[in-house]
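>>> Sequence first, then the predicted structure, then my questions.
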2 protein chains.
Amino acid sequence: MNDRLQNIISQDGSVRGAKSGTQDDVVYAHIFDAILEQRLAPGTKLSEEALGEIFGVSRTIIRRALSRLAHEQVVLLRPNRGAVVAEPSLEEARQISFARRIVERAITELAVDHATAEQIANLQRLVDEEQASFDKGDRGSGIRLSGEFHLQLALMANNAPLLNFQRSLVSQTSLIIARYESGNRSHCSYDEHNQLIEAIKKRDKEKAVELMMHHLDHIDHKLNLQDDGASGDLHAVFSHLIKERKEPRSRKKRAG
Amino acid sequence: MNDRLQNIISQDGSVRGAKSGTQDDVVYAHIFDAILEQRLAPGTKLSEEALGEIFGVSRTIIRRALSRLAHEQVVLLRPNRGAVVAEPSLEEARQISFARRIVERAITELAVDHATAEQIANLQRLVDEEQASFDKGDRGSGIRLSGEFHLQLALMANNAPLLNFQRSLVSQTSLIIARYESGNRSHCSYDEHNQLIEAIKKRDKEKAVELMMHHLDHIDHKLNLQDDGASGDLHAVFSHLIKERKEPRSRKKRAG
DNA sequence: TATTATTGAATTGTATACACTATTCTCAAG
DNA sequence: CTTGAGAATAGTGTATACAATTCAATAATA
């Protein structure tokens, strides 16, 4: 038995982060997606016990996932009072928007420099999916994919700290859209995304940056003060994946 | 091993930002300071049980603290293998340096716009302390205070996301200095810090940004990031000790 | 009726027991 | 002497019990 070989062989097949190995990654990803797709409205209480039941894990795991989300400012952790989906204020929204301009400019420039053909193809695929989602009327997926476009761009920039920061900013922007964008204005960012891809293909850095800045302007302009309260029912939001709690592993007493 | 951690961490010092309320904040702050003041070297193993004994809390608390540190990239959490103080590679160091330029430029501009007299006084006090520490020969405190200067600047920028990002970048920079700063070049950043304060007082944005960029250049130059291009090529890395193949490796005798 | 105390349920905070994994140690084979 | 397999050990991963705190409902008082 060669365990090393086994390890090497089994290293492939990792799909988009969350490997089935660690449970809190799965929980994290599900809650994260639910928030980004706006199935969980800002302000929704995230009860540890309820989430534990839904995902079939103990509060320990839920706690870790919530902690990660809190670090990305997607969730607010109030001591002794539990977690809620973050509700960015207008002032916070303004700060996030400003920070994004700083970061997106740098990312766009780096991406133009470093983008490979394969990465650009990935980018195009994301935008196509995004457009398909909006066409299908799946606004939630569309908004999530729109965010992933900006994350893919950050990935192409080849700078880990900027990528991490971008992840947090994009998530929070999604929250802001959920809170302040009037319901029916479809996001329609895919058109601007397509133009960006063209500029990147042509390695036209100046044009790409200009497009990105305008794109961010448009996002800001679409926001206003209406709020549409989405769901607050955790079980409903996650109904498609509620499962039975794992049978407690047989606890063999250590024979004396 | 346990005793070594005990000695390093329990050195009485300032534990700023430790809201005495929750225990894991205290633990977090102590470990954070120990790393920033370079009493914990990059690569040091951080055993949960040992830390629990040292701080008189359960592993639960230690785990949370380590998790927070890992989010800020100050600690590396290896699944099933425990936590170690992060060891930024040269490539990571370059990326961090780049990201800092982006962020510090924005922060400097914002700080010039928003700085109040009181905040500038705070800034000045930090630099005085920093200088005093270096004069006393307390390099650890000096480096920590140098970092706090940049954090205070970020605070003055009035932008929470940028402040958070800056916190992570400054911490990692401290780690990089610990790992890569060439020999005895004392940090001596306080001189440039003082010039920056002057420019901010005069609301001279252009000058302040220029000083900041030069300051970051100097930091980089004191490190050995310039060339070298450390590779994944083991033969290159260990070329100085490659021996004739036939030479039988002398096995060290077991002590005791 | 409005306001404040008090009590009890519900939820989070922490410690700890057990399960699982990785590392170290020992020893046998080449 | 080196290499590799298997057992012993140490350390992390997860679940759960219990303590501490918050929240809600009721009762008491003005």
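Structure received.
>>> who's in contact with A:N158?
By CB atoms under 8 Å, 6 or more residues apart in numbering or on different chains, the contact set of A:N158 is A:L110, A:H114, B:Q95. No exception for glycine: its C-beta is placed from N, CA and C like everyone else's.
>>> same question, A:V127
With the criterion set at CB under 8 Å, 6+ apart, A:V127 makes contact with A:L145, A:F149, A:Y190, A:H193, A:N194, A:I197.
>>> Report the distance from stretch A:30-50 to the chain centre.
Put simply, stretch A:30-50 sits 12 Å off its chain's centre (CA atoms, centre = their mean, to the nearest Å).
>>> just the angle between the longest helix belonging to chain A and helix B:90-114, please?
Identified as the longest helix of chain A according to DSSP state H is helix A:90-114. Relative orientation of helix A:90-114 and helix B:90-114, computed by axes from the mean of the first three to the mean of the last three CA atoms, to 10 degrees: 140 degrees.
>>> other SSEs contacting helix A:90-114?
Secondary-structure packing of helix A:90-114 (3 or more CB pairs under 8 Å, 6 or more residues apart in numbering or on different chains; DSSP states H and E): helix A:139-156, helix A:160-180, helix A:190-201, helix A:205-222, helix B:90-114, helix B:160-180.
>>> do the second one and chain B meet?
Going back to what we said before, that points to helix A:160-180. Yes - contact between helix A:160-180 and chain B, assessed by CB under 8 Å from any CB of the partner chain, occurs at A:A160, A:P161, A:L162, A:N164, A:F165, A:S168, A:L169, A:Q172.
>>> Could you turn the buried ones of those into a ChimeraX selection?
Command for ChimeraX that selects the buried part of the residues of helix A:160-180 next to chain B, burial taken from 16 or more other CB atoms under 10 Å in any protein chain shown:
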select /A:160,161,162,164,165,168,169,172
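>>> Go through the residues of helix A:160-180 next to chain B and say which is closest to A:D217.
A:L169 (16.0 Å; CB to CB).
>>> Output the helices and strands packed on helix A:90-114 in a markdown table; the columns should cover mean pLDDT and distance to A:K45.
Converted to a markdown table, the helices and strands packed on helix A:90-114 look like this (pLDDT from 0 to 100; distance: least, CB to CB, whole Å):
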| stretch | mean pLDDT | distance to A:K45 |
| --- | --- | --- |
| helix A:139-156 | 92 | 20 |
| helix A:160-180 | 93 | 15 |
| helix A:190-201 | 95 | 34 |
| helix A:205-222 | 94 | 28 |
| helix B:90-114 | 97 | 34 |
| helix B:160-180 | 93 | 23 |
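>>> would TSV of those helices with distance to DNA strand D be doable?
Shown next, in TSV, are the helices and strands packed on helix A:90-114 (distance: least, CB to the nearest atom of the strand, whole Å):
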stretch	distance to DNA strand D
helix A:139-156	25
helix A:160-180	21
helix A:190-201	37
helix A:205-222	34
helix B:90-114	22
helix B:160-180	20
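>>> wait, which of those is closest to B:E37?
Closest among these, using CB to CB: helix B:160-180, at 8.5 Å.
>>> just curious, which of the contacts of A:V127 is nearest to chain B?
Proximity of these to chain B, judged by CB to the nearest CB, is greatest for A:F149, which lies at 19.8 Å.
>>> can you count the residues close to that closest one?
Other residues lying near A:F149 total 23 when counted by other CB atoms under 10 Å in any protein chain shown.
>>> How about the contacts made by it?
A:L123, A:L126, A:V127, A:E130, A:S189, A:H193.
>>> Off-centre distance for the strand or helix carrying the second one?
According to DSSP states H and E, A:L126 maps onto helix A:117-136. What separates the centre of helix A:117-136 from the centre of its chain is 16 Å, taken as CA atoms, centre = their mean.
>>> what does stretch A:50-61 give?
On CA atoms, centre = their mean, the centre of stretch A:50-61 falls 21 Å from the chain's centre.
>>> before we move on, the earlier item: would you turn the helices and strands packed on helix A:90-114 into TSV with distance to A:I31?
TSV is the format used below for the helices and strands packed on helix A:90-114 (distance: least, CB to CB, whole Å):
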stretch	distance to A:I31
helix A:139-156	13
helix A:160-180	11
helix A:190-201	26
helix A:205-222	24
helix B:90-114	28
helix B:160-180	20
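>>> So which of those is nearest DNA strand C?
Distance to DNA strand C, taken as CB to the nearest atom of the strand, is lowest for helix A:160-180 among the helices and strands packed on helix A:90-114, at 19.5 Å.
>>> same for the closest one, what does it pack against?
Against helix A:160-180 (3+ CB pairs under 8 Å, 6+ apart) you get helix A:23-36, helix A:90-114, helix A:139-156, helix A:205-222, helix B:90-114, helix B:160-180.
>>> how about those helices, which one is nearest A:E49?
A:E49 sits nearest to helix A:23-36 of all these, at 13.6 Å, using CB to CB.
>>> does DNA strand C sit close to that closest one?
No - contact of helix A:23-36 with DNA strand C (CB under 7 Å from any atom of the strand) is absent, the minimum separation being 11.8 Å.
>>> need the next SSE after that helix, C-terminal direction.
strand A:45-46.
>>> what's the angle between the helix holding A:L126 and helix A:139-156?
On the basis of the same axes, to 10 degrees, helix A:117-136 is oriented at 170 degrees to helix A:139-156.
>>> Now do the phi/psi pair for A:P79.
phi -50, psi 130 (degrees, to the nearest 10).
>>> Output the set of residues of chain A in proximity to chain B.
Proximity of chain A to chain B, by CB under 8 Å from any CB, involves residues A:21-22, A:64, A:67-68, A:71, A:73, A:79, A:92, A:95-96, A:98-99, A:102-103, A:106, A:158-162, A:164-165, A:168-169, A:172.
>>> what's the burial count for the residue of chain A found nearest DNA strand C?
Per CB to the nearest atom of the strand, A:G82 is where chain A lies closest to DNA strand C, at 2.8 Å. By other CB under 10 Å, 13 other residues sit near A:G82.
>>> what's the distance between it and A:D25?
22 Å (CB to CB, to the nearest Å).
>>> Ok, A:I107 next?
25 Å.
>>> Show me which of the two is the more surrounded one.
Taking neighbours as other CB under 10 Å, A:I107 and A:D25 compare with A:I107 leading, 27 against 17.
>>> Let me know whether that one touches A:L155 as I believe.
No - in this structure A:I107 lies outside contact range of A:L155 using CB atoms under 8 Å: 9.3 Å.
>>> for the stretch 1-150 of chain A, what are the low-confidence residue spans?
A:1-21 (pLDDT under 70).
>>> What residues does it have near DNA strand D?
So the stretch 1-150 of chain A meets DNA strand D at A:1-2, A:22-24, A:57-61, A:64, A:80-81 (CB under 7 Å from any atom of the strand).
>>> Which ChimeraX command selects the buried ones in these?
Buried members of those, defined by 16+ other CB under 10 Å, are picked up in ChimeraX with:
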select /A:23,24,57,61,64
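>>> Can you flag which of the residues of the stretch 1-150 of chain A next to DNA strand D belong to helices?
Checking these against DSSP H, those in helices are A:Q23, A:D24, A:R59, A:T60, A:I61, A:R64.
>>> B:E210: which of the helices and strands packed on helix A:160-180 is closest?
That would be helix B:90-114 among the helices and strands packed on helix A:160-180, by CB to CB, at 9.4 Å.
>>> Return the angle between stretch directions for the closest one and helix B:160-180.
140 degrees.
>>> Between helix B:190-201 and helix B:90-114, find me the angle.
Angle between the axes of helix B:90-114 and helix B:190-201 is 40 degrees (criterion: the same axes, to 10 degrees).
>>> Now do the buried residues in helix B:90-114.
Per 16+ other CB under 10 Å, helix B:90-114 contains these buried residues: B:90, B:92-112.
>>> same question, stretch A:50-70
Applying 16+ other CB under 10 Å to stretch A:50-70 flags A:51-55, A:57, A:61-70 as buried.
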